[in-house]
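> Structure for the following, please:
(one chain, ligands or ions: 1)
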Amino acid sequence: MMMHYYIFSVLFGLVLGSFMNVLIYRVPRNLSIATPGSSCPKCGKAIRWYCNIPLLSYLFQRGRCVDCGAPISWQYPFVEFMTALIFLCITIRYGADILTVKYCIFAFLILAGAFTDMFTAFDDSFECGVLPHYCTIGGAALGYIFAFWTEPGLIDSFAGSGIGAFSLYIPAYIYYLIRGREGMGDGDPLFMAMAGSFLGVSSIIYLFTVSALFGVFLGLIAVVVKKNREVKIPYAVMIGIASILYLFTGNFI
Ligand SMILES: [Zn+2]
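The predicted structure follows:
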């Protein structure tokens, strides 16, 4: 019965999405991910376990702390929802297979990296977006491990990460030559390397093209809407969008 797998993947996605929220907030701030437990940023009261159920608690509490009524960020349910949705789509696409496990782990790393980069880029307490090492270098190591017994294979995985990183170093260097300053974060090429280690070298042209198109598209929207030419576009988000799309359309192109 595939339905069991679908339900399981949604529940697993919600739980891991909840854990991802902890990582997204704490890792860039160098806080322990184990202790203390979650608490309300306004009143400091510990969040009881039954108020910490992914998605449902947010809906029942109407987005407010049960103790002080302070609004809870929409980011938490959004991250949980996206993780569960993408886990479900991967399970539908790849079925009861090791590839489903591999791509869910990949999606977790991609979402964690992209969300961390996005939320820190728009947070004034950070100079620029943060891409944690566990999503880039650590993730690439996981990609190599999976390559031992799944496609694309070890050599392809190594080549994918190397060429993936290289594909972004070149435009970053050209931008630097033209504008005289860095236009891309140091972590972005490593994030592309992580994607290449999971998806193989043949994915890089797709990832490079699609992420660049989304970057230009969103950049133009931002310039038009905000009338500001110096809008920060967290490039890890573009790599994230391209990577998730690749899981569902890459084989057809
Ligand atoms: Zn509170």
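> from here on, contacts and neighbour counts on C-alpha atoms
Will do.
> As a check, name the ranges of all helices in the stretch 151-253 of the chain.
Here the stretch 151-253 of the chain has its helices, by DSSP state H, counting those that start in this stretch, at 154-179, 187-199, 204-226, 235-249.
> For residue 98, find the nearest of the ones you listed.
Among those, the nearest to residue 98 by Cα to Cα is helix 187-199 (13.0 Å).
> elements contacting the closest one?
For helix 187-199, the packing partners by 3 or more Cα pairs under 8 Å, 6 or more residues apart in numbering; DSSP states H and E come out as helix 98-121, helix 137-147, helix 154-179, helix 235-249.
> can you rerun that using 10 Å?
Packing partners of helix 187-199 (3 or more Cα pairs under 10 Å, 6 or more residues apart in numbering; DSSP states H and E): helix 98-121, helix 137-147, helix 154-179, helix 204-226, helix 235-249.
> Now do it and helix 154-179, the angle between them.
Interaxial angle, helix 187-199 versus helix 154-179 (axes from the mean of the first three to the mean of the last three Cα atoms, to 10 degrees): 160 degrees.
> Can you check the pLDDT for the residue in the stretch 51-200 of the chain that the ion sits nearest to?
Relative to the ion, the nearest point of the stretch 51-200 of the chain is residue 68 (4.2 Å; Cα to the ion). Note for residue 68: predicted pLDDT of 92.
> my guess is it meets residue 39, correct?
No - Residue 68 is beyond contact range of residue 39, at 11.8 Å (criterion: Cα atoms under 10 Å).
> which stretches of the protein have low pLDDT?
For the chain, residues meeting the criterion pLDDT under 70 lie at 183, 228-232, 251-253.
> centroid residue for it?
Centroid-nearest residue in the chain: residue 111, 1.9 Å away (criterion: Cα atoms, centre = their mean).
> about what we covered before: which neighbours do residue 68 and residue 39 share?
residue 45 (Cα atoms under 10 Å, 6 or more residues apart in numbering).
> The residue nearest to residue 156 when sequence neighbours are not counted and residue 95: what is the separation?
Of all residues not flanking residue 156 in the chain, residue 200 sits nearest, at 5.2 Å (Cα to Cα, 6 or more residues apart in numbering). Distance of residue 200 to residue 95, given as Cα to Cα, to the nearest Å: 21 Å.
> Give me the distance from stretch 206-216 to the chain's centre.
16 Å (Cα atoms, centre = their mean, to the nearest Å).
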